[in-house]
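Q: Provide a 3D model corresponding to the input given below.
(chains A and B)
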Amino acid sequence: MMSSFMCIIKKDFREYMRGKKCIIFSAALFAIGAMVILTTMFFPTLFSVLAEKVPDIISDSISLDSIRYLFPDNLKDSMGMWASSIGTFYSILVVLMVHGLIRKEIKRGAWIFPVASGYKKDYLMLSKALVYGLGSALPVFIFTNIFFFLASTFLDNNLSFLRALLSSTVLAFAIFGIATITILTSVFFKSSIVTALSMIGIVMVAPDVLSLFSFGHYFPTYLLTFVYTMESDFRMIIMPVVELISITGIIYFFAAKKVVRMEISR
Amino acid sequence: MLEIEEIHKYFGENKVLNGVSFSVDAGQIYGLIGKNGAGKTTLMNIMAGLSAPDTGRCLLAEHSITGSVSGASIGYLPDLPAFYDYLTVDEYIDFLLEGKNKSRKDNLIEMMDLPHNAKIATMSRGMRQRLGIAAAIINNPDVVLLDEPTSALDPSGRADVMKILLRLKEEGKVIVLSSHILADMERVCDKVGFLSGGTIKKELNVEELREGCSFVRVTFAEEIGIVVPIIQNSGIPFDIIDGHIFRFVIDDTRQKEDQKKVFSFLGKLDFQIKSIQNESQNLDKIFAEVCR
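A: Model (predicted):
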């Protein structure tokens, strides 16, 4: 049984590597990293030049504090900005790229031969969720640490490597959760775009809305808020982590039931 | 032996299959013939266990295999087989065999004359079809179902597929084949069934078709339903094509006697005849009549 599952994992890993998704994810992270670093480096300078040369354009209402907030000059805030950019842009890209994986395969009849040769439908689904979950999370982990080292060379270093490492793990774990839940829930709907839009809505809105309430940090979306704000008390994320694992497990349970009953003919 | 018993299938209000029944022996090829939308693919999907019938069942060696998609010793080639195009032939077959049985993998690749390291995405339609057949028989099934295996193939590709089918037949497999290319059906099938209106309208032993019989097709000027009992009493085998078109069967071994019998019978009838034609039998003609 394990060997059968490992064969599917191997096949999906090849799909991930050869389907260029690995390159797309890395390119997106590179672009986000470059955007954050370049704006952090150049915009404050550009802003002060503009304030001097064309003071009419730069109004008094834009204070120096808000500039500092937008373009932080220290590592901790810059890492927070990187994380919120990942949570905003990268997670949308991930959702859009993985939401139709299973539906498309079933629709074009690609499951017929594997299932007829003995593979289980729920294994085919689980493998896809795990490979693409890891495939979208691992680049986040790697690029977050690269960002940390790069940014630490020119910004005020007020963040330890260990904290950065833990934060990158939390961020990658949140992205893993977003990708796997998107893939698993896509089997419940005839059109997987419903899943994609719901996930994008949750990821975009929930961290901000729930941070307004005291109970907000009990929800799994607090994982994103946690890394956006570069909180240091990692005990606060124990509950959201446990919840995210449990929710993913429950969704897998029902998705597996659903996918086993699904007709896979074209 | 594969037995299909009274299969019914609805899609919403639309009744696609309305009590389909037939049987195929081991080492036989059964051809399913029908127009587009006649329900051939639906029936194939049901037999393959990919779709459930509303009622009815499929029996293999008297055991029900209805709805059992794997492990039921059935191999299925869909009309448009889909693969993981990013894999090579070797990797795909290896995946279907779960990484085991390397000799089976090599045998299949050799049998289907496939290139080991070619990426599936780059393969021609004919090669993909051969890969599909390899995938369908990967577990050495007793029953092989092939939906339009020769469609969109060039003559040499079709000939290759036909050769493979005959080889599978020699191995004693039950083969059910659907195709629009009736010449191929005549070449390889032992029996054909015409699927029309949700049922098998006519079944024909192709062996008999090949042995040969011809027809005298008579068109009367008016409908002559009244004369049917008289023809029946004459003992001459016949088909009613239309209310005013009758077809008398002429056995090639006693052609002269049969023709004489038909013409003397027609001479006795008091109905105006519009035309009389000699006709040989082939699947195209039968298809045109049965699946009108």
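
Q: residues contacting A:Lys258?
A: Neighbouring residues of A:Lys258 by C-beta atoms under 8 Å, 6 or more residues apart in numbering or on different chains: A:Val187, A:Phe188. For glycine as for every other residue, the C-beta is placed from the backbone atoms N, C-alpha and C.

Q: That one: which element?
A: helix A:238-261 (DSSP states H and E).

Q: can you list the weak-confidence ranges in chain B?
A: Counting by pLDDT under 70, chain B shows low-confidence ranges at B:62, B:65-72, B:152, B:207-212, B:280-281, B:292.

Q: For it, which residue occupies the most central location?
A: Nearest residue to the geometric centre of chain B (C-alpha atoms, centre = their mean): B:Gly31, 1.6 Å.

Q: quick one: secondary structure of it?
A: At B:Gly31 the chain is in strand, as set by DSSP: H, G, I helix; E, B strand; the rest coil.

Q: my read: it touches B:Phe194, true?
A: No: in terms of C-beta atoms under 8 Å, B:Gly31 does not count as a neighbour of B:Phe194; the distance is 9.4 Å.

Q: anything in contact with each of these two?
A: Counting by C-beta under 8 Å, 6+ apart, B:Gly31 and B:Phe194 have no common neighbour.

Q: Contacts only, for whichever residue of the stretch 101-250 of chain B sits closest to chain A.
A: Residue nearest to chain A within the stretch 101-250 of chain B: B:Ala135 (4.2 Å; C-beta to the nearest C-beta). Listed by C-beta under 8 Å, 6+ apart, the contact set of B:Ala135 reads A:Phe113, A:Ser117, B:Leu77, B:Pro81, B:Phe83, B:Tyr92, B:Ile93, B:Leu96.

Q: Is B:His180 in a helix, a strand, or coil?
A: coil.

Q: any idea how far B:Met47 is from it?
A: The gap separating B:His180 from B:Met47 is 19 Å, by C-beta to C-beta, to the nearest Å.

Q: okay, the two: which has more neighbours?
A: For B:His180 and B:Met47, the more surrounded residue by other C-beta atoms under 10 Å in any protein chain shown is B:Met47, and the numbers stand at 25 against 15.

Q: Do I have it right that that one meets B:Val176?
A: Yes: counting by C-beta under 8 Å, B:Val176 is a contact partner of B:Met47 at 6.7 Å.

Q: shared neighbours of those two, which are they?
A: Counting by C-beta under 8 Å, 6+ apart, the shared contacts of B:Met47 and B:Val176 are B:Leu2, B:Val143, B:Leu145.

Q: For the last one, give the beta-bridge partners.
A: It refers to B:Leu145. B:Leu145 has the following beta-bridge partners by DSSP bridges: B:Tyr76, B:Val176.

Q: so what's it up against?
A: Contact partners of B:Leu145, counting by C-beta under 8 Å, 6+ apart, are B:Met44, B:Met47, B:Ala48, B:Ile74, B:Gly75, B:Tyr76, B:Leu77, B:Ala136, B:Ile175, B:Val176.

Q: How many neighbouring residues does the fourth one have?
A: Summarising burial for B:Ile74: neighbours were counted as other C-beta under 10 Å, giving 26.

Q: any idea how far it is from A:Asn145?
A: Counting by C-beta to C-beta - B:Ile74 and A:Asn145 are separated by 51 Å.

Q: try the second one
A: For B:Met47, the distance to A:Asn145 under the criterion C-beta to C-beta works out to 55 Å.

Q: again with the first one
A: Distance of B:Met44 to A:Asn145, computed by C-beta to C-beta: 53 Å.

Q: Which one's more surrounded, these two?
A: Neighbours were tallied for B:Met44 and for A:Asn145 using other C-beta under 10 Å; the higher tally belongs to B:Met44 (24 against 17).

Q: in stretch A:159-179, what counts as buried?
A: By neighbour count on 16 or more other C-beta atoms under 10 Å in any protein chain shown, the buried set for stretch A:159-179 is A:159, A:163-164, A:167-179.

Q: Let's see which of the residues you listed end up in helices.
A: Among these, DSSP state H puts A:163-164, A:167-179 in helices.

Q: residues in contact with B:Asn45?
A: Listed by C-beta under 8 Å, 6+ apart, the contact set of B:Asn45 reads A:Glu263, A:Ser265, B:Ser51.

Q: Report the contact partners of the residue nearest to B:Asp142 when sequence neighbours are not counted.
A: Using C-beta to C-beta, 6 or more residues apart in numbering or on different chains and skipping residues adjacent in sequence, the residue nearest B:Asp142 is B:Ser73, 4.4 Å away. Going by C-beta under 8 Å, 6+ apart, B:Ser73 touches B:Leu60, B:Ile65, B:Asn139, B:Pro141, B:Asp142, B:Val143.
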